[in-house]
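All I have is the shape, not the residue letters:
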Ligand code: M6P
Ligand code: ZN
């Protein structure tokens, strides 16, 4: 990799970077056991393995001091009454933070610490959200009208740890409450000391 400064442009309505190294697409099948209405999940999956979100990543060496960054586009939609969302993860290197800059759309970042503390912060065009080290994070598009478009950056050696979220989900679910979204308890979640 050539170690020279560079500039990118975020092009088009989805702010796709003018150059990226990795295009990750996540479909419904990648979020097994995550949506609380499992009947709605399997019904939807029987119709089509829909594209929920995509990540355009600018790759850098996965070394301390480097940054990984890019744009995530979460498409609008629901499974049952639960909005489309990312899988969510802890960082494998727990002592690493992450930064999000919302380019367009409406949504929330659901977070929780290893100790079970939780937070929900709103995304809106121009908002910047800081994820502290040791907090898992999941982005949710709470609008049914358009994409949620997020620029992100985090230390390149952080890595993704999906295991505990795949098993227990997040402590809080984000559901469509009609006029607005609702934050409700996830019945499948277990406090860390009971796992
Ligand atoms: C953010 C970043 C990426 C991540 C993406 C999708 O934009 O945190 O590193 O890959 O969201 O989230 P997930 O990996 O949980 O599917
Ligand atoms: Zn992350």
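Structure received. What you are looking at is a predicted structure, and each value in this text was computed from that prediction instead of being measured. Numbering: from 1, shown residues only. Ligands and ions are numbered 1, 2, ... in the order given.

tell me what the longest helix along the chain is packed against?
What stands out as the longest helix in the chain, according to DSSP state H, is helix 38-47. Applying 3 or more CB pairs under 8 Å, 6 or more residues apart in numbering; DSSP states H and E, we find helix 38-47 packed against strand 78-79. Heads up, the C-betas are built off the backbone N, CA and C, glycines and all.

just checking, what packs against the next helix-or-strand element following the strand it packs on?
Note on strand 78-79: by DSSP states H and E, the next helix or strand toward the C-terminus is strand 82-83. When contacts are defined as 3+ CB pairs under 8 Å, 6+ apart, strand 82-83 sits against strand 172-176.

what distance separates the strand it packs on from the middle of the whole chain?
14 Å (CA atoms, centre = their mean, to the nearest Å).

and if you look at stretch 9-16?
The answer for stretch 9-16 is 19 Å, by CA atoms, centre = their mean.

likewise stretch 188-195?
Centroid separation for stretch 188-195 versus its chain: 22 Å, with CA atoms, centre = their mean.

Need the contact partners of that stretch.
36, 114, 115, 116, 164, 167, 168, 169, 170, 171 (CB atoms under 8 Å, 6 or more residues apart in numbering).

What pLDDT is listed against the fourth one?
At residue 116, the predicted lDDT confidence score is 88.

Please apply the same query to the one 5 residues further on.
Here, the pLDDT recorded for residue 121 equals 98.

The host helix or strand of it pairs with which strands, and in what direction?
If you go by DSSP H and E, residue 121 is part of strand 118-124. The pairing partners recorded for strand 118-124 under DSSP bridges are strand 106-113 (antiparallel).

which parts of the helix or strand of the chain with the lowest mean pLDDT are buried?
Within the chain, no helix or strand scores below helix 163-168, which has a mean of 94 by mean pLDDT, DSSP states H and E. Buried residues in helix 163-168, counted by 16 or more other CB atoms under 10 Å: 164, 165, 168.

Residue 85 is in contact with the second one, correct?
No: Residue 165 is not in contact with residue 85 according to CB atoms under 8 Å; the separation is 10.9 Å.

list residues touching both of those two?
Contacts common to residue 165 and residue 85, judged by CB under 8 Å, 6+ apart, are 34, 138.

how near is residue 158 to residue 152?
From residue 158 across to residue 152, the span is 11 Å (CB to CB, to the nearest Å).

What of residue 18?
Taken as CB to CB, the span from residue 18 to residue 152 is 17 Å.

Between the two, which is the more surrounded one?
More crowded of residue 18 and residue 152, by other CB atoms under 10 Å: residue 152, with 19 against 10.

which residue packs closest to the more buried one, ignoring adjacent ones?
Nearest non-adjacent residue to residue 152, counting by CB to CB, 6 or more residues apart in numbering: residue 100, 5.2 Å away.

so where does that neighbour fall, helix or strand?
Per DSSP H and E: strand 98-104 holds residue 100.
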